[in-house]
Structures are given as structure tokens and as C-alpha cells.
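sharing a model prediction with you, sequence too.
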Amino acid sequence: MLIKVKRGWELSENLATPEKLFINRRQISKAIAAGSLLSTSALLATTYRTDAYEKNINSPLVNKLAPRNEKFVLDRPLTSEKYATTYNNYYEFGSHKNIWKQAQKLTTNPWKVSVDGLVEKEFQIDIEDLLKKVDLEERLYRHRCVEAWAMAVPWIGFPMKQLVEIARPKASAKFVVMRTVSESKKEMPGLKQFWYPWPYTEALTIDEAINELAFIVTGMYGKPVPPQNGAPLRLAIPWKYGFKSIKSIISFSFTQTRPKTFWESLANKEYGFWANVNPKIDHPRWSQASEWMIGGSKNDRIPTQLFNGYGEFVSHLYKNLESENLYR
Ligand SMILES: Nc1nc2c(c(=O)[nH]1)N[C@H]1C(S)=C(S)[C@@H](COP(=O)(O)O)O[C@H]1N2
Ligand SMILES: [Mo]
């Protein structure tokens, strides 16, 4: 079998399909010896996936490698796991990209999630019990950081709509506000930066939260999501800038009024509530017209798309909101 990849850091979408888990490693070596274009890093990524399956078959966070939902397709190769898990934004661990080592200190077991505010009945639930109530699946999503880097990731998780159904919000609830764990400055030294409005919070309207794209992530690359990417529970909201995809969530609070979230409190001219991706609306300090893929070169630009290319799923949500600052 001949596997072509464009660049070393890219991994063809095919390589991540569950069937390919069972590629015989000797066949791969032979293909390389025979001069196919398979690069070392693509080979590694395939191996990761095989290992992921073998090692994590019993983790409730990935449920034997949840089946892929084929509805969500990419227009570009997957980012290799190495880059997606070592180039991160997670300010609780530090205000730079290289926080992955420090993040290993995060205690994620046990993990409880609170559901409160305007719901029929407030409750707390252990993540293992929550996972028994939802259906895990794999989705390939693009991710676009407001800083103009991007990635394409195979997430495992469940539709946020299922969480909203379990929460049973009252009719008066209009927003769902989420909060990141912020218990320990020892585990999360970034919390010592007192000028940030900790804890990290983010929010969506209920209509956004029940949109089929809104996804609660528990795994990536066939494994439980690692601490640096938001273990054990984070969002993936692919049509909005990355800061909306809050990590390591400990509570879902239902409210009637729109909250001021972390980044909005810090710099409301730069980071608003809606934060939908739009190549035509620049950040006050840089252009949003294009993006670069992590693992690649900053000079290798891809045009950014309205709603990050997910308009068919979400543009209707914003029809009557033209007076709002929807793209920042
Ligand atoms: N709690 C918390 N969640 C967060 C952040 C953060 O600093 N803290 N950074 C956000 C930003 S700006 C981005 S781009 C994504 C990055 O996710 P990744 O590291 O998995 O790529 O996480 C988002 N979620
Ligand atoms: Mo971001």
C-alpha cells in the first residue's frame, strides 16, 4: 500500500480511520523500504493510534475508540499528535505555548462536574457516571485560535446537547457558563498571575450549546485527552475562536443573563462573547484573513473561512443578531 503525505508533520485523514489501526507494522516498514512517500512522523502517528487502541481500550473516556461520525470532514490533513499536544494555550499553567510538562501535574481523578443555576434540580456528578449517560463518538474538527494558528484534530467526546438534556435547564435559562478548575497554584502556577480574572470561564447561548457541532471532548488521537489539552473534559466549538473551547471543566451553570467571561473581562475590545471566526473582521492588532497550521511554517498560510468553514451548521444562529459584535 502506498500512503502519500504532503509534509512530514501532516497526517493523512485516512491514516486515522479505525480500520487503519490494524495496519500491519511490517507492511508499513516494507512500504517505506520500497520508496513510498510515507514519512517518519506519519508512521509514528499511525503507531500512536495503534498503541492508543491497545493501551486505552478500557478507559471510559474513549470507550474502546468511539466510532467516528463521518459527517464532519476536513479540508486538510490532521495535525500530528505531537504538535497538538505540545503547542498549547492553557494560561493556568503559564502564559506561553510550552506548558505541556507542567500540566502533567494536574489532578484529574477523581473529577466531579457541577450542574447548577436555572435547572430543574442542581446536582454534582462524577465524570465516570456522566460518561455512562452519553454516547461517545470521534469527530475530525478544525480548530482556529484567535492568534491565527490552526490545527485539525480527531477528538473523542459527545454532543453538548446531551449534557444540556441531562442538566434539564428551566425555560428561563438562556446561557450556559462553564468554569475551569482553579484549586491549586502548585499544580497550576499560572494562577499566581493575579492580574488575570481567574477562574477561566466561558459561555454559550443555549441555542449554540445544543447545536450539533458543539462537542464536549474527553479524548483525542484515540486516547484520553491529556492535561495540557484540557483533561478530563473540555469543549470543542469549531466555528468560534479557540478561547471559547474551555478546558478542564468543573461546572455548567445555567443563567438568564449573559456573563462576562475570562477574556472579555480582560480585554473586551479584543475578545468578545461571540467570537465567531471571520476572515474579514481583523483583530485590533493583527489580520484574521489567514492562518497557519501548527507543526508547519508561519509563512505557509491558508485562507481563513467564515465560521471557520462551518457556516452551514451555524450561520442561522446569528440571523437576528447583526447589531452585535459577532466576530470578535
Ligand atoms: N481553562 C482554559 N481553557 C482554555 C485556554 C486557557 O488558557 N485556559 N486557552 C484557550 C485557547 S486561547 C485555545 S486556542 C485553546 C487551545 O487548545 P489546545 O491547547 O488544546 O490546542 O484552549 C482554550 N481553552
Ligand atoms: Mo486561542
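Yep, it's here. Numbering: from 1, shown residues only. Ligands and ions are numbered 1, 2, ... in the order given.

residues from the stretch 101-250 of the chain in reach of ligand 2?
Residues of the stretch 101-250 of the chain lying close to ligand 2 (Cβ under 5 Å from the ion) are 145, 242-243. Placement of C-beta: from N, CA and C, glycine included.

so which of those residues belong to strands?
The members of those all map outside strands under DSSP state E.

middle-most residue in this structure, spatially?
Ala236 (3.6 Å; Cα atoms, centre = their mean).

quick one on the thing from earlier: export the residues of the stretch 101-250 of the chain next to ligand 2 to CSV and tack on neighbour count and pLDDT?
Listed next are those as CSV, based on neighbours: other Cβ atoms under 10 Å; pLDDT from 0 to 100:
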residue, neighbour count, pLDDT
Cys145, 17, 98
Gly242, 20, 98
Phe243, 20, 98
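
intersect these with the contacts of ligand 1.
With Cβ under 6 Å from any ligand atom as the criterion, these include 145, 242-243 near ligand 1.

now distance to Gly219 too, for those residues, in CSV please.
Compiled in CSV, these are given as follows (distance: Cβ to Cβ, whole Å):
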residue, distance to Gly219
Cys145, 21
Gly242, 18
Phe243, 21
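
ligand 1: which of those is nearest?
Of all those, ligand 1 sits closest to Gly242, with 2.5 Å by Cβ to the nearest ligand atom.

show me what contacts the nearest residue to that closest one once chain neighbours are set aside?
Nearest residue to Gly242, sequence neighbours excluded (Cβ to Cβ, 6 or more residues apart in numbering): Cys145, at 4.0 Å. Taking Cβ atoms under 8 Å, 6 or more residues apart in numbering, we find Cys145 in contact with 89, 241-243.

who in the stretch 101-250 of the chain is up against ligand 1?
When proximity is defined as Cβ under 6 Å from any ligand atom, the stretch 101-250 of the chain approaches ligand 1 at 145, 180, 200, 229-230, 242-243, 245-247.

give the buried subset of those residues as a ChimeraX selection command.
Of those, the buried ones can be selected in ChimeraX as follows, counting by 16 or more other Cβ atoms under 10 Å:
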select :145,180,200,229,230,242,243,245,246,247
